[in-house]
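J.: dropping the sequence and predicted coords here.
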Amino acid sequence: MSAQHPLFPGNAPEVEAAFQAVPEEMVAEILDGELHTFPRPARPHTRAASRLSRRLGPFDDDPGEPGGWVILIEPELHLGPRPDKVVPDLAGWRRTRMPDALGPEDAPAHYDVAPDWVCEVISPNTERVDRGKKMRIYRREGVRHAWLINPVAQTLEVYRLDDGRWSLLDTHEGDEAVRAEPFDAIELPLADLWAR
């Protein structure tokens, strides 16, 4: 466990205990010291995240092309001094920042290195938290790129962190084929994300 920051005494013991007690069929996160629980994602959400992960696979192939990334599905991130315990739908680290995704045999299940890219797949249950608290945490931790995907509305919002602020670079819709940073080395057919 990391040393506590004097302004952030850590999460309250009852919040940590409640986090540990959340059933596996729920997703639990501690954001700004508060426990948030959500049901497991619905089918459109899960399908879009799975298909996106597969499409981005060439970035995670080593020594594949274009390569250079570690991409994980639903990693538990411990970020900041308290810490916030965040579970993005997908997260990616440049290999220069995470050359060993597994770590030593006794490594904890969570990661405490902020990713370079996160993707949140928006649902009615998670949208407020995904757009609010989680985007603020990612900004605070210096995550350079964020994607927000809405599989029901069939949209992809692409954000980049510039001078401590999120810039919306573009919103893509429907069946467009797009090149979206930081993975603009490949064309991403959005229709694949919504495919039945």
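T.: Yep, that arrived. Numbers count the residues shown, from 1 in each chain.
J.: would you map the strands across this structure?
T.: With DSSP state E as the criterion, the chain has strands at 26-31, 34-39, 69-73, 77-79, 84-86, 90-94, 117-121, 145-150, 155-162, 165-173, 177-178, 188-189.
J.: now distance to residue 47 and mean pLDDT too, for those, in JSON lines please.
T.: Placement of C-beta: from N, CA and C, glycine included. Listed next are the strands of the chain as JSON lines, based on distance: least, Cβ to Cβ, whole Å; pLDDT from 0 to 100:
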{"stretch": "strand 26-31", "distance to residue 47": "17", "mean pLDDT": "91"}
{"stretch": "strand 34-39", "distance to residue 47": "16", "mean pLDDT": "91"}
{"stretch": "strand 69-73", "distance to residue 47": "13", "mean pLDDT": "95"}
{"stretch": "strand 77-79", "distance to residue 47": "23", "mean pLDDT": "97"}
{"stretch": "strand 84-86", "distance to residue 47": "22", "mean pLDDT": "97"}
{"stretch": "strand 90-94", "distance to residue 47": "13", "mean pLDDT": "97"}
{"stretch": "strand 117-121", "distance to residue 47": "9", "mean pLDDT": "98"}
{"stretch": "strand 145-150", "distance to residue 47": "11", "mean pLDDT": "98"}
{"stretch": "strand 155-162", "distance to residue 47": "15", "mean pLDDT": "98"}
{"stretch": "strand 165-173", "distance to residue 47": "18", "mean pLDDT": "98"}
{"stretch": "strand 177-178", "distance to residue 47": "18", "mean pLDDT": "97"}
{"stretch": "strand 188-189", "distance to residue 47": "15", "mean pLDDT": "96"}
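J.: make TSV from those and add mean neighbour count and distance to residue 14 to it.
T.: Shown next, in TSV, are these (neighbours: other Cβ atoms under 10 Å; distance: least, Cβ to Cβ, whole Å):
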stretch	mean neighbour count	distance to residue 14
strand 26-31	18	11
strand 34-39	15	9
strand 69-73	20	29
strand 77-79	21	18
strand 84-86	24	15
strand 90-94	22	28
strand 117-121	25	27
strand 145-150	22	31
strand 155-162	18	33
strand 165-173	13	33
strand 177-178	14	45
strand 188-189	16	43
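J.: will you turn these into JSON lines that also has distance to residue 18?
T.: Listed next are the strands of the chain as JSON lines, based on distance: least, Cβ to Cβ, whole Å:
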{"stretch": "strand 26-31", "distance to residue 18": "8"}
{"stretch": "strand 34-39", "distance to residue 18": "5"}
{"stretch": "strand 69-73", "distance to residue 18": "25"}
{"stretch": "strand 77-79", "distance to residue 18": "16"}
{"stretch": "strand 84-86", "distance to residue 18": "12"}
{"stretch": "strand 90-94", "distance to residue 18": "24"}
{"stretch": "strand 117-121", "distance to residue 18": "23"}
{"stretch": "strand 145-150", "distance to residue 18": "27"}
{"stretch": "strand 155-162", "distance to residue 18": "31"}
{"stretch": "strand 165-173", "distance to residue 18": "30"}
{"stretch": "strand 177-178", "distance to residue 18": "40"}
{"stretch": "strand 188-189", "distance to residue 18": "38"}
